[in-house]
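> Sequence and computational prediction follow.
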Amino acid sequence: MNGLEPILDTASPTRWAQLEPAELAARQRAAGSKRWAAAGEGELALGVADMDLPSPPFVPAALRRSLEHPTLGYHRLSPDVPPAIADWYRRHTGWSPGTDALAVFPFGLKTTIRLVLETLADTAAPTAVLSPIYDGLRRVAAAATAGVVEVPMTRADDGSYELDIDLLRDRIVAGGARTLLLCSPHNPLGRVWTESELTRMAELAAELDLLVVSDEVHGPLTHPDARHVTWPTVARRDRWAVVSSIGKGYNVSGIAGSWLVCGQARNRAPVLRALKAWGHHQGSMLGDAMMAACLSQGDEWLAERVALLSSLTRYAQATLARDSPAIGCTVPHAGYLLWLDLRRVVPASAWSDTAGHLARRAGLVLVDGTRFDPAHRGFARMSVATTWPVLREALHRLGAWGPGHRTAINHG
């Protein structure tokens, strides 16, 4: 115990939260975890943005109720889901969409973003993004529109990243972008945009007549010290689309589902026509059951989980600052992802494959910084949403190698 561990002991007292690395790895691999499938023997899988922590207890019950029905045929969108989405927004953001502007999909968020871009965006023009950014969004934007205009955020000495609105305007104009794909809160930084920042972006979008697509999937995981502001509350025009899901917030990404809110209700119809052309229709039996349960029953569970994730990230930051001061750490204000600056501990010759170096030297499977922005050589993203023993071992491994390391590592 080092004085910080009780934060986790009281926040997650369950047996699962105390699983040791080997047992957790075995259980997660047996369950088909994509995150742990990427890790070799003795390695700790902290790359994929997923939680090693239990999903809500009311989810299995909702799924069982659906599966107990004697027939499992084609399923229409449950009429319970759109009102549940609208009411969730009302309770958590103070704003509520009209159900005539909502569409619900049987697939994940990246697919929804591609559908929206191909249907509503100017596909002959590129899409602007703020970088570093989750590479899945960059790939989708590049596939759906005429490329990507990357606009770097300004990194401060303390590791935080700031919006440069003038640079954003200049890059959009110079690059001919007609769409802004916003990650809010931002992945990989856990950056929660302030109302002032979003207002400036909204004013810019109105000035340049941009379509704004706001990916808000990490919004439910905003920490108590921040406030997630949903795009519609700052928008100056109705040329926007908000996409989200329960996947991240309620740790249920294994059963796909997502939704779209259109700034203009009339845009829902062309999106649904495109959905049909893709061979899909709204809703799914299990996805609808899970979505309705999480959105209508999950507020208390979500608040407890957010408190735990906030404790995990602050604990990790404090431990790294104490034991590994050479490692820079951008602490999120939403979610559970740490953005690590490892340039003072990883040799410059290995910066182009920082994650590979970490796997070989420390047995840590993280995501390389260059996947989020080619300029971020020497950086990596690490998920801390795991059991206490796994996080403790991961932080020990980070602190036990590099220049002046004190402890030899044996992860075999």
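Good, I have the coordinates.

> quick one: contacts for residue 18?
Applying Cβ atoms under 8 Å, 6 or more residues apart in numbering to residue 18 gives the contacts 387-389. The way it works is simple: take the backbone N, C-alpha and C, and place the C-beta from them, glycine included.

> Quick one, grab the pLDDT at it.
Residue 18 is assigned a pLDDT of 89 by the prediction.

> got it, and residue 158?
In this prediction residue 158 is given a pLDDT of 88.

> Most neighbours of all the contacts of residue 18, which one?
Most neighbours among those, by other Cβ atoms under 10 Å: residue 387, with 22 neighbours.

> Is that residue in contact with residue 22, as I believe?
No. Counting by Cβ atoms under 8 Å, residue 387 stays clear of residue 22, with 11.4 Å between them.

> Point out where the stretch 251-400 of the chain drops to low pLDDT.
For the stretch 251-400 of the chain, no stretch has pLDDT under 70.

> ranges for the strands of it?
Along the stretch 251-400 of the chain, counting by DSSP state E, counting those that start in this stretch, strands occupy 258-262, 328-330, 337-341, 364-365, 367-368, 379-383.

> out of the contacts of residue 18, who's nearest residue 333?
Residue 333 lies nearest to residue 388 out of those, by Cβ to Cβ, at 22.0 Å.

> And residue 181, how far from residue 144?
For residue 181, the distance to residue 144 (Cβ to Cβ, to the nearest Å) stands at 10 Å.

> Throw the strands of the stretch 251-400 of the chain into TSV and include distance to residue 310 and mean neighbour count, thanks.
Below are these laid out as TSV (distance: least, Cβ to Cβ, whole Å; neighbours: other Cβ atoms under 10 Å):
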stretch	distance to residue 310	mean neighbour count
strand 258-262	25	25
strand 328-330	15	22
strand 337-341	13	26
strand 364-365	22	24
strand 367-368	21	22
strand 379-383	14	27
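
> quick one, which of the ones you listed is nearest to residue 16?
Residue 16 lies closest, by Cβ to Cβ, to one member of these: strand 379-383, at 16.4 Å.

> Strands of the stretch 1-150 of the chain, residue ranges please.
44-45, 102-105, 127-131, 148-152.

> strands paired with the last one, and their directions?
In this case it means strand 148-152. strand 127-131 (parallel) (DSSP bridges).

> Make CSV out of the strands of the stretch 1-150 of the chain and add mean neighbour count.
Putting the strands of the stretch 1-150 of the chain into CSV (neighbours: other Cβ atoms under 10 Å) gives the following:
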stretch, mean neighbour count
strand 44-45, 26
strand 102-105, 24
strand 127-131, 25
strand 148-152, 20
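
> out of those, which comes closest to residue 164?
strand 148-152 (7.8 Å).

> Residue nearest the middle of this structure, spatially speaking?
In the chain, the residue lying closest to the centroid (Cα atoms, centre = their mean) is residue 218, at 4.8 Å.

> So for that one, what's the nearest residue that isn't a sequence neighbour?
Closest residue to residue 218 apart from its sequence neighbours, by Cβ to Cβ, 6 or more residues apart in numbering: residue 185 at 4.4 Å.

> what's the distance between the one you found and residue 15?
Distance of residue 185 to residue 15, computed by Cβ to Cβ: 31 Å.

> Report the separation between the two terminal residues of stretch 152-169.
12 Å (Cα to Cα, to the nearest Å).

> List the residues that contact the residue nearest to the centre of the chain.
183-187, 190, 248-249, 334-335.

> Is residue 44 bridged to anything, and to what?
residue 364.

> how many other residues sit next to residue 393?
18.

> nope, residue 90 is what I meant
Neighbour number of residue 90 under other Cβ under 10 Å is 12.

> That one - nearest residue in space that isn't next to it in sequence?
Nearest non-adjacent residue to residue 90 (Cβ to Cβ, 6+ apart): residue 96, at 3.9 Å.

> For the contacts of residue 18, give me CSV that also has distance to residue 202.
CSV is the format used below for the contacts of residue 18 (distance: Cβ to Cβ, whole Å):
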residue, distance to residue 202
387, 41
388, 41
389, 45
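
> Nothing else from me, thank you.
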